[in-house]
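K.L.:
here is my input, please return the structure:
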Amino acid sequence: MTLYATIEIPEDTTLPPHCADLQSLMKKLAQALMTCALHNTLVSEAPRVCVTEFDPTPICGACAAPLLTSGKCSSPNCKFGRIAQRKPAKALGRTIPARLLAQRLGVKLGSQLKAHA
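P.N.:
The predicted structure is shown next:
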C-alpha cells in the first residue's frame, strides 16, 4: 500500500533555531510519519518513508519532462512535444480529406453547390 501526502509550506516561512534548515525539517517529518504509521497499523516490517522537496515547474503529461515556457515538451524524444497542440483543427484537416470531413459533419462544400444563373 502506498500513501501520498502533500504539505504546502508558505514561501515566507522561517525555521526556528532547533530546526536550522530544510533538510532537518524533512528528516523530522519523515520520522514523525514513520512513528505514526508504526503506531497506527499492524505491519510485518518498518514502512519506508520518503520526504522530497517538490519542484513546482510544470511537467509533460506524456513523458514527465519539464515543459518549456512556450508549453512544449523539452524532451526531443517525446511525441507529444512535436504535435501542434494549439491548432487541432488544422491538424485534423491535414489528416482527413475535405470531402470526407464535410460528409461527417453534414455540410456541403462550395464545389458541391449548384450555381444559380
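
K.L.:
worst-scoring helix or strand of this protein, pLDDT-wise?
P.N.:
When each helix and strand of the chain is scored by mean pLDDT, DSSP states H and E, helix 88-95 comes last, with a mean of 57.

K.L.:
in the top helix by length along the chain, what's buried?
P.N.:
Once the chain is assigned using DSSP state H, the helix that runs over the most residues is helix 22-40. By 16 or more other C-beta atoms under 10 Å, the buried positions in helix 22-40 come out as L25, M26, L33. C-beta: built from backbone N, CA, C; applies to glycine.

K.L.:
chain neighbours aside, what residue packs nearest to the second one?
P.N.:
For M26, ignoring the flanking residues on the chain, the nearest one in space by C-beta to C-beta, 6 or more residues apart in numbering is V51 at 4.5 Å.

K.L.:
just the pLDDT for the one you found.
P.N.:
At V51, the pLDDT value in this model is 83.

K.L.:
to which secondary structure element is it assigned?
P.N.:
Assigned by DSSP states H and E, V51 belongs to neither a helix nor a strand.

K.L.:
how much space separates it from T69?
P.N.:
To T69, V51 is 30 Å away according to C-beta to C-beta, to the nearest Å.
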